[in-house]
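K.L.:
Pasting the sequence and the predicted model now:
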Amino acid sequence: MDSKKDFFQDVFEVVRLIPKGRVTSYGAIAKYLGAAKSSRVVGYAMNASHSEKKYVPAHRVVNRNGMLSGKHHFQSPTAMQEALEKEGINVKNDVVVDFKKLFWDPSKELL
DNA sequence: AATGTGACATACC
DNA sequence: TGGTATGCCACAT
């Protein structure tokens, strides 16, 4: 809320709030932060997530299609999928299974 | 200061 | 039904 802070920090906060076994989309986070049009910046924030000292479950953040678009930016291209499967989320062909069911909308769940 | 870039999203052809 | 185009906004150089 304090706009003086980095946008990234807000994104990280929300991402950390994602319950285990759930996923969300960049657009949802952006919207929750009041920057629905900054969905790209959300993804950019994840890119800087490795810069954060605290761990950011970026693997729980996928694109609108539920596709692991950012898996390539992880330690390994498979790290994201494995991390999701570890939490009970099935991933097929780089896409979250039942994405709609597992979708966690901060503006609704966190309401 | 200006230009480039991107882990998206939406619209249009 | 799928690729192309554009918007969008914060960060990097």
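P.N.:
Now that the structure is in, tell me what you want to look at.
K.L.:
can you tell me if stretch A:29-36 touches DNA strand C.
P.N.:
Yes - Stretch A:29-36 reaches DNA strand C (C-beta under 7 Å from any atom of the strand) through residue A:35. Quick note: C-beta positions are derived from backbone N, CA and C, even for glycine.
K.L.:
Pull the residues that contact that stretch.
P.N.:
Residues outside stretch A:29-36 that contact it (C-beta atoms under 8 Å, 6 or more residues apart in numbering) are A:7, A:10-11, A:14-15, A:27, A:37-39, A:41-42, A:61, A:105-107, A:110.
K.L.:
Give me the spatial nearest neighbour of residue A:104, chain neighbours excluded.
P.N.:
residue A:22 (3.9 Å; C-beta to C-beta, 6 or more residues apart in numbering).
K.L.:
where are the low-confidence patches of chain A?
P.N.:
Along chain A, the parts satisfying pLDDT under 70 run over A:1-5.
K.L.:
For the residue nearest the centre of chain A, list each beta-bridge partner.
P.N.:
Of all residues in chain A, the one closest to the mean position by C-alpha atoms, centre = their mean is residue A:61, 2.0 Å from it. Beta bridges link residue A:61 to residue A:24 when assigned by DSSP bridges.
K.L.:
residues from chain A in reach of DNA strand B?
P.N.:
Within chain A, the residues that sit near DNA strand B (C-beta under 7 Å from any atom of the strand) are A:25-27, A:39-44, A:46-47, A:49-50, A:58, A:61, A:63-65, A:69-70, A:72-74, A:80.
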